[in-house]
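A.B. asks: Sequence plus predicted model, see below.
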Amino acid sequence: MRLGFKIAVRFLKSNLGQTFLIVLGIAIGVSVQIFIGSLIQGLQKSLIDKTIGNSAHITVLSAEEEEETENQEIIEDYDLLYQEILGINAKIEDAVVVADYPAVLEYEEDSQSVLVRGFDLAQAEAIYEFSDRLVEGRIPKETDEVMLGIDLKDKYKLKVGDFVTLITNKGNVDEFIVSGFFDLKVSSVNKTWAVTTLKSSENLFGLDRTITSIEIQLAEANVFDADLVADQIRQTLGAEYEIEDWKSQNEQLLSGLSGQSISSIMIQVFVLISVVLGIASVLAITVMQKSRQLGILKAMGIKNSAASYIFLFEGFLLGILGAILGIAFGLGLAYSFTKFAINPDGTPVIALFISPSFIAGSGVIAVVASVLAALVPAIRSSKLNPIDIIRNN
Amino acid sequence: MEKIMELRNIDKIYGTQIQTQVLYDINLSFEQGSFNSIIGQSGSGKSTLLNIMGTLDRPTNGQVLIKGIPANEMTENELADLRNTSIGFVFQFHYLLPEFTAIENVLMPFQIQTGKITKEIRNKAEEYMDLVGLSQVRNNPSSKMSGGQQQRTAIARALINRPSIILADEPTGNLDSDSTETIYELMRDINQKLGTTFIIITHDRRIAEKADRIVEIKDGRINLDIRK
């Protein structure tokens, strides 16, 4: 083994130009893999983040129609339910109780329908991060304070401290002070949400200790288990409740993402195949080039297995060098991409997702592929008969 | 004297469709410590005979016994071991590994055997380099040496594992007459000092005449076998 390694190193050193070319070939393959992989992963992460970053992963609604109030199914005495939900699965990170009712917003001569969303605002921070999303003013604290979407501010020329009127379907009317404006980056939300405290919402709609839904947030690593967790909640809570999860509501996005993943894997597989073929063919030529040396070594009594180690080690060393260089190239490519492909505001067009485990994995795959590519030349060198070389010279 | 190499009824036929018989029923044995030469014209089969003695080639019929052990009953790995420890080769085209220095080439058979180089073996290699008169150039890349230097390196390499037999196929075939003289004196010297058996193929009758025994091969048969 040691001798095989030593001879492999000498063979590689004796033809530096050729060695460098193979290493470069592997490195380009690895860098493309790392770059494409990081790009696609980054793209998917940002898509998922934009889609579900600031919305509930799972929503628990009442399914009992007779308790309908304000055209909404309601949940009464929700404290126990809330605690129960938190205990169902360890993947559930947070849950927020919400009282959602439709209403009409009036300001001066204008009016439009809005969705009044009553939250325990400290709890709602877990999903909606209102403190970060706040553009102006502050989050509602007192009853009769409301926070509106940024689009409503522009539409009606509203200011913090202005009074708006909310009218419910039943005809309840109340005046609210605009405490601030938020921007959740989704136009339909920014146009229609009126966020207030749970208490304000209860007062406005004349309902005490009543909510319409509980919204659940999963830990980031578990967002793709939303459907499984939703099933578990469905089984635990029974038919009394209706459970919605983001995956069943975003099937198109998901199929888009999985299509993207498959195409990314395809690209990576083909890059890998071309790298393997490249190494295998160059090493096959090396066996020819070195057949004289192999003949001498065999005449001197090197065993066939030891002769094959020479080429396996060559593959291994080429793989290691190629992987290291390729990772450096890939990261350099990724870095320059985030520096040069930027939006007008200076943020990268696509935020790459640099995952150390993915990069290490690509490196390991390159090394394994190089050793596998060296297998055919290794077998050829083990089968080489010294007499053929000695007789022909 | 003990027979170190014995050939019994050796036939060698090349080719399957068009068969060419190169050796016909060769019976030959060499004694330990002897210095032998094999002569014959090109194509007479002498190189084939040497390759069969060195277990690099297998006879079509017959048996090769090295130190009394039949080679045809050995596995490939056992044959590799045998070549490594008991046989030293010196070829006409010196066949050094160009990627290694002279002394590394000398050490190669030992490294094949043990995988590593000890201080003792390095000293021994330097001793052999001294013996073949190359201690000055021992760290030169083998590809940068003259033909005579390369051939002497090959002899030092053949000696490193202290083999009982050295098989040399026209070791001076492409050297000038001065170098030829040096190489033969060197081999004779080693034969006397270390008691190594030499079987040398040569074209050169002058050289052959210095050997203890001359075997002439003609058309695949032994034509002459003279002992002094």
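C.D. replies: Yes, it's here. Numbering: from 1, shown residues only, chains lettered A, B, ... in the order given.
A.B. asks: Which strands or helices does the lowest-mean-pLDDT helix or strand in chain B pack on?
C.D. replies: Lowest mean confidence among the helices and strands of chain B (mean pLDDT, DSSP states H and E): helix B:205-208, at a mean of 79. For helix B:205-208, the packing partners by 3 or more CB pairs under 8 Å, 6 or more residues apart in numbering or on different chains; DSSP states H and E come out as strand B:35-39. C-beta coordinates here come from the backbone N, C-alpha and C atoms, glycine included.
A.B. asks: residues near whatever residue of chain B ends up closest to chain A, how many?
C.D. replies: When distances are taken as CB to the nearest CB, chain B reaches nearest to chain A at B:Asn84, 2.6 Å away. A total of 21 residues lie near B:Asn84 under the criterion other CB atoms under 10 Å in any protein chain shown.
A.B. asks: what do you get for A:Arg391?
C.D. replies: Neighbour tally, A:Arg391, other CB under 10 Å: 15.
A.B. asks: Only the buried residues of the one helix or strand it maps to, if you could.
C.D. replies: Element membership for A:Arg391 (DSSP states H and E) is helix A:386-392. Within helix A:386-392, the residues scored as buried using 16 or more other CB atoms under 10 Å in any protein chain shown are A:Pro386, A:Ile387, A:Ile389, A:Ile390.
A.B. asks: what residues are up against A:Thr286?
C.D. replies: Counting by CB atoms under 8 Å, 6 or more residues apart in numbering or on different chains, A:Thr286 touches A:Phe11, A:Asn15, A:Gln18, A:Phe311, A:Glu314, A:Pro377.
A.B. asks: so who does the fourth one touch?
C.D. replies: Neighbour list for A:Phe311: A:Ala8, A:Leu283, A:Thr286, A:Val287, A:Ala374, A:Pro377, A:Ala378, A:Ser381 [criterion: CB under 8 Å, 6+ apart].
A.B. asks: Of those, which belong to helices?
C.D. replies: Residues from the contacts of A:Phe311 lying in helices, with DSSP state H as the criterion: A:Ala8, A:Leu283, A:Thr286, A:Val287, A:Pro377, A:Ala378, A:Ser381.
A.B. asks: Can you name the element that comes right after the longest helix seen in chain B?
C.D. replies: When chain B is parsed with DSSP H, its longest helix is helix B:177-194. Per DSSP H and E, the first helix or strand lying C-terminal to helix B:177-194 is strand B:197-201.
A.B. asks: what pairs with that next one, and is each one parallel or antiparallel?
C.D. replies: Strand B:197-201 has the following strand partners under DSSP bridges: strand B:35-39 (parallel), strand B:165-169 (parallel).
A.B. asks: Relative to B:Arg227, which of the ones you listed is closest?
C.D. replies: In terms of CB to CB, the element of the strands paired with strand B:197-201 nearest to B:Arg227 is strand B:35-39, at 9.3 Å.
A.B. asks: The helix or strand just after that closest one and chain A, any residue contact?
C.D. replies: On the C-terminal side of strand B:35-39, the nearest following helix or strand under DSSP H and E is helix B:46-53. Yes: contact of helix B:46-53 with chain A (CB under 8 Å from any CB of the partner chain) involves B:Ser47, B:Asn51.
A.B. asks: what helices or strands is helix B:46-53 leaning on?
C.D. replies: In this structure, helix B:46-53 makes packing contacts with helix A:386-392, strand B:3-14, strand B:20-31, strand B:35-39, strand B:165-169, strand B:197-201, judged by 3+ CB pairs under 8 Å, 6+ apart.
A.B. asks: For the strands paired with strand B:197-201, give me CSV that also has mean pLDDT and mean neighbour count.
C.D. replies: What follows is these, written out as CSV (pLDDT from 0 to 100; neighbours: other CB atoms under 10 Å in any protein chain shown):
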stretch, mean pLDDT, mean neighbour count
strand B:35-39, 93, 24
strand B:165-169, 92, 24
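A.B. asks: wait, doesn't A:Leu198 sit right on A:Val116?
C.D. replies: No: with contact defined as CB atoms under 8 Å, A:Leu198 and A:Val116 do not form a contacting pair (11.0 Å).
A.B. asks: neighbour-wise, which of those two wins?
C.D. replies: For A:Leu198 and A:Val116, the more surrounded residue by other CB under 10 Å is A:Val116, and the numbers stand at 25 against 21.
A.B. asks: thinking again about what came up before, so which of the helices and strands packed on helix B:46-53 is nearest B:Leu79?
C.D. replies: In terms of CB to CB, the element of the helices and strands packed on helix B:46-53 nearest to B:Leu79 is helix A:386-392, at 10.5 Å.
A.B. asks: what about the closest one, average pLDDT?
C.D. replies: Mean pLDDT, computed over helix A:386-392, is 80.
A.B. asks: so does that helix get close to chain B?
C.D. replies: Yes: Helix A:386-392 lies within reach of chain B by CB under 8 Å from any CB, at A:Pro386, A:Ile387, A:Ile390, A:Arg391.
A.B. asks: was I right about the third one contacting A:Gly295?
C.D. replies: By that I understand A:Ile390. Yes: in this structure A:Ile390 lies within contact range of A:Gly295 using CB under 8 Å: 6.0 Å.
A.B. asks: A:Leu158 versus A:Ala360, what's the distance?
C.D. replies: Going from A:Ala360 to A:Leu158 by CB to CB, to the nearest Å gives 52 Å.
A.B. asks: again, but for A:Ile267
C.D. replies: In this view, A:Ile267 and A:Leu158 are 49 Å apart by CB to CB.
A.B. asks: Find the nearest non-adjacent residue to the residue nearest to the spatial centre of chain B, please.
C.D. replies: By CA atoms, centre = their mean, chain B has its centre lying nearest to B:Leu167, at 1.6 Å. Excluding its sequence neighbours, the residue lying closest to B:Leu167 (CB to CB, 6 or more residues apart in numbering or on different chains) is B:Gly54, at 4.9 Å.
A.B. asks: surely that neighbour meets B:Gly88?
C.D. replies: No: B:Gly54 is not in contact with B:Gly88 according to CB under 8 Å; the separation is 9.4 Å.
A.B. asks: Show me whatever sits in contact with both of those two.
C.D. replies: Common neighbours of B:Gly54 and B:Gly88 (CB under 8 Å, 6+ apart) are B:Leu167.
A.B. asks: Look up phi and psi at the residue nearest to B:Leu167.
C.D. replies: Dihedral pair for B:Gly54: phi -90, psi 10, per degrees, to the nearest 10.
A.B. asks: cool, A:His57 as well?
C.D. replies: Dihedral pair for A:His57: phi -80, psi -40, per degrees, to the nearest 10.
A.B. asks: what about it, how many neighbours?
C.D. replies: The number of residues packed around A:His57, counting by other CB under 10 Å, is 27.
A.B. asks: got the residue ranges for the strands in chain A?
C.D. replies: In chain A, the segments counted as strands under DSSP state E are A:58-62, A:75-76, A:92-107, A:110-119, A:134-137, A:145-149, A:163-168, A:173-182, A:193-197, A:210-211, A:213-218, A:241-245.
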